[in-house]
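Enquirer: Here you go, sequence then predicted model.
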Amino acid sequence: MKKVLFLLVFLAQGYFLSAQLYVEGTMLTTANTSAYLEATPLRRTDGTYHFQIDYGQKADREVKPGECLTDDKARRYEFRSAVDGLNFLYEHGWEVVVVYDVSDMRRYLLKKRG
């Protein structure tokens, strides 16, 4: 019985830890994020990508424009491709619902998976 309980606790911790997303070091929670976010892949000169995220946040004078996905220490994630970044978001509980172009930039509207 203890082994089963331990396994359930371990799996639950893994799920909740993997579901944590940060934007410039700010964890996305139900308090600051609703059901949708917009992700814009930004190609860097070295061919990798950052993902700019709009989750409806208020502009923060301390944070530079172009708030991107980061770890909890505000270190930006680098992705091999736009698909790599979208897979990362999917693994963290978000799925693409609409893809559209604005000024030669592809943007993705994502929704929390139930």
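Expert: Okay, I see it.
Enquirer: Okay, and the closest residue to residue 101 other than its chain neighbours sits in which element?
Expert: Spatial nearest neighbour of residue 101, chain neighbours left out: residue 107 (7.3 Å); criterion: C-beta to C-beta, 6 or more residues apart in numbering. In this view, the C-beta of every residue, glycine as well, is placed from N, C-alpha and C. Using DSSP states H and E, residue 107 maps to strand 105-112.
Enquirer: what's that strand packed up against?
Expert: Counting contacts by 3 or more C-beta pairs under 8 Å, 6 or more residues apart in numbering; DSSP states H and E, strand 105-112 packs against strand 36-43, helix 82-91, strand 94-102.
Enquirer: Show me the shaky parts of the chain.
Expert: 1-19, 58-66 (pLDDT under 70).
Enquirer: ok, back up a step: ok now the strand holding residue 107, how far from the chain's centre?
Expert: 11 Å (C-alpha atoms, centre = their mean, to the nearest Å).
Enquirer: which residues are in contact with it?
Expert: 35-41, 82, 86, 89, 93-101 (C-beta atoms under 8 Å, 6 or more residues apart in numbering).
Enquirer: Contact partners for the residue nearest to residue 54 when sequence neighbours are not counted?
Expert: Nearest residue to residue 54 in three dimensions, chain neighbours excluded: residue 38, at 4.3 Å (C-beta to C-beta, 6+ apart). Contacts for residue 38 (C-beta under 8 Å, 6+ apart) come out as 53, 54, 55, 107, 108, 109, 110.
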